[in-house]
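K.L.:
everything below, folded, please.
(chains A, B, C and D)
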2 protein chains.
Amino acid sequence: MARTREFDEEKALDAAMQVFWTKGYEATSLSDLTAEMGIQRPSIYSAFGDKKELFEAALRKYTRSHASRVRAVLQKHPSVRDSFRSFFESLASADYHQHPSRGCFCINTMVELAPHDEKFEVLTREHQMYLSAIFQETLERGIKTGELQTDMNAKALAQTLVVSVIGLTVMMKSRPDRSFIDHAVEVTLSLIK
Amino acid sequence: MARTREFDEEKALDAAMQVFWTKGYEATSLSDLTAEMGIQRPSIYSAFGDKKELFEAALRKYTRSHASRVRAVLQKHPSVRDSFRSFFESLASADYHQHPSRGCFCINTMVELAPHDEKFEVLTREHQMYLSAIFQETLERGIKTGELQTDMNAKALAQTLVVSVIGLTVMMKSRPDRSFIDHAVEVTLSLIK
DNA sequence: CTCTTTTCATACTGATCGGTACAAAATTTC
DNA sequence: GAAATTTTGTACCGATCAGTATGAAAAGAG
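P.N.:
Reported below is the predicted structural model:
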């Protein structure tokens, strides 16, 4: 047939994800992208479409891998409480000493694009709903094993935990004292009874 | 002396605040600003400095008025619990049926600029700390009047409530079911014992 | 009224934006 | 090998970006 593609599409998309994650959509230029992806503009357009489509592909890649990482952490401990503690503590310490604080790509997109673009409103909402469902399943596992109170509202608590994760992730971008985050985590975990 | 300024500086700054609040820093152009502020570019530069300085002035105006609105709501009811309920419910319903969801200007800035610009990291952090202090004072008032348990950690709970406010505000940008927000508010309020 | 000083509107700057036309390079099929 | 087809690098497109030079308009001071 013809010439074969010289670059690895997955590696290029991953590089694009890193740039968009770090700088956001508007602040990322095509020149930033070609530099980090290691390919030229026409290759980007032929492989991924325009800037918005590339961003969408990058975000989808992120949410997929993020969801599977969260699932893994929540299944790491037999105790549901330990799982959530481990989840919140990794969240708090992960980006704490890295600059700039990239936070969560999906949350960043909720703030920057969701209000002005329905596609991203839906995409980000679906990811949060998925996280909420994972949290709920985990809580229900705890109820079944007898670790958690049988009369708790697993759905409502799962939704609250999603809100807390978002709040913590965003709050960390302003670099408050470590104790601020630790207190909030501690109080939030106290909801899991 | 000389010619007097024809525009109202406060009104112009307020218009700039609305634009930046709605569109963010990067997505707002000087042309957007001149159109909404009703003045020409040289007037902006002579009165406020460059785009970043104007943004900073707009954010400072926002945080001042936001802080006083929050203070007012938290003092509206004799009962601290009622005050927080009223605060969270106004938060949940305020922007619920407006498009686009502007959320909170300070939170938007935490996501867009704080990670890349220390000035805004500090500015947004200070505002969150101030909110946390208001929350804490309100909780301590409740302890004094006997409405709340005397052994509660007012500081830790105030910080948790700040995190919840941020989480709720950002979550609403993806327009989840109303019940999602209501559940999270209900569970969060249950922390105020 | 004249002079001085500041604000204003217009129009422009170089730089950068997202996106593409085009032709050389490369690879498979025949 | 030659032809066909796709990718690649370069170089460019018009549009828009943030910011400014310039001179006219306006208003107080003498």
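K.L.:
avg pLDDT for stretch A:132-140?
P.N.:
Mean per-residue pLDDT for stretch A:132-140: 98.
K.L.:
give the buried residues for it.
P.N.:
A:132, A:134-136, A:138-140 (16 or more other Cβ atoms under 10 Å in any protein chain shown). To be clear about C-beta, it is placed using only N, CA and C from the backbone, and glycine gets the same treatment.
K.L.:
do the same with stretch A:112-126
P.N.:
Residues A:112-117, A:120-121, A:123-125 are the ones in stretch A:112-126 that count as buried (16+ other Cβ under 10 Å).
K.L.:
ditto for stretch A:70-82
P.N.:
Across stretch A:70-82, burial judged by 16+ other Cβ under 10 Å covers A:70, A:73-74, A:80.
K.L.:
hmm, the longest helix seen in chain A touching chain B?
P.N.:
The single longest helix within chain A, with elements called by DSSP state H, is helix A:118-144. Yes: using Cβ under 8 Å from any Cβ of the partner chain, helix A:118-144 comes into contact with chain B via A:121, A:124-125, A:128-129, A:132.
K.L.:
same thing with stretch A:184-193?
P.N.:
Yes: Stretch A:184-193 reaches chain B (Cβ under 8 Å from any Cβ) through A:184, A:186-188, A:190-191.
K.L.:
which among those count as buried?
P.N.:
Applying 16+ other Cβ under 10 Å to the residues of stretch A:184-193 next to chain B flags A:184, A:187-188, A:191 as buried.
K.L.:
sorry, back to before: just the ones of the residues of stretch A:184-193 next to chain B in helices?
P.N.:
A:184, A:186-188.
K.L.:
now the angle from the strand or helix carrying A:Ala57 to helix A:118-144?
P.N.:
Using DSSP states H and E, A:Ala57 sits in helix A:51-74. Interaxial angle, helix A:51-74 versus helix A:118-144 (axes from the mean of the first three to the mean of the last three Cα atoms, to 10 degrees): 10 degrees.
K.L.:
now the most centrally placed residue in chain A. Nearest residue, chain neighbours left out?
P.N.:
Closest to where the C-alpha atoms of chain A average out (Cα atoms, centre = their mean) is A:Cys104, at 4.3 Å. Among residues not flanking A:Cys104 along the chain, A:Thr169 sits closest, at 5.1 Å (Cβ to Cβ, 6 or more residues apart in numbering or on different chains).
K.L.:
my guess is that neighbour contacts A:Ile107, does it?
P.N.:
Yes: under the criterion of Cβ atoms under 8 Å, A:Thr169 makes contact with A:Ile107 at 5.5 Å.
K.L.:
nearest to DNA strand C among the buried ones among the residues of stretch A:184-193 next to chain B?
P.N.:
When these are compared for distance to DNA strand C (Cβ to the nearest atom of the strand), A:Ala184 wins out at 35.8 Å.
K.L.:
how near is the closest one to DNA strand D?
P.N.:
Counting by Cβ to the nearest atom of the strand, to the nearest Å, the gap from A:Ala184 to DNA strand D is 36 Å.
K.L.:
for that residue, list the residues it contacts.
P.N.:
A:Ala184 is in contact with A:164, A:167-168, A:171, B:156, B:159-160, B:162-163, counting by Cβ atoms under 8 Å, 6 or more residues apart in numbering or on different chains.
K.L.:
please apply the same query to A:Val162.
P.N.:
Counting by Cβ under 8 Å, 6+ apart, A:Val162 has contacts A:128, A:131-132, A:135, B:167, B:171, B:184.
K.L.:
likewise A:Lys173?
P.N.:
With Cβ under 8 Å, 6+ apart, A:Lys173 has these contacts: A:101, A:103, B:110-111, B:114-115, B:121, B:124.
K.L.:
try it again at 10 Å.
P.N.:
For A:Lys173, the contacting residues are A:95, A:100-103, A:107-108, B:107, B:109-116, B:120-121, B:124-125, B:166, by Cβ atoms under 10 Å, 6 or more residues apart in numbering or on different chains.
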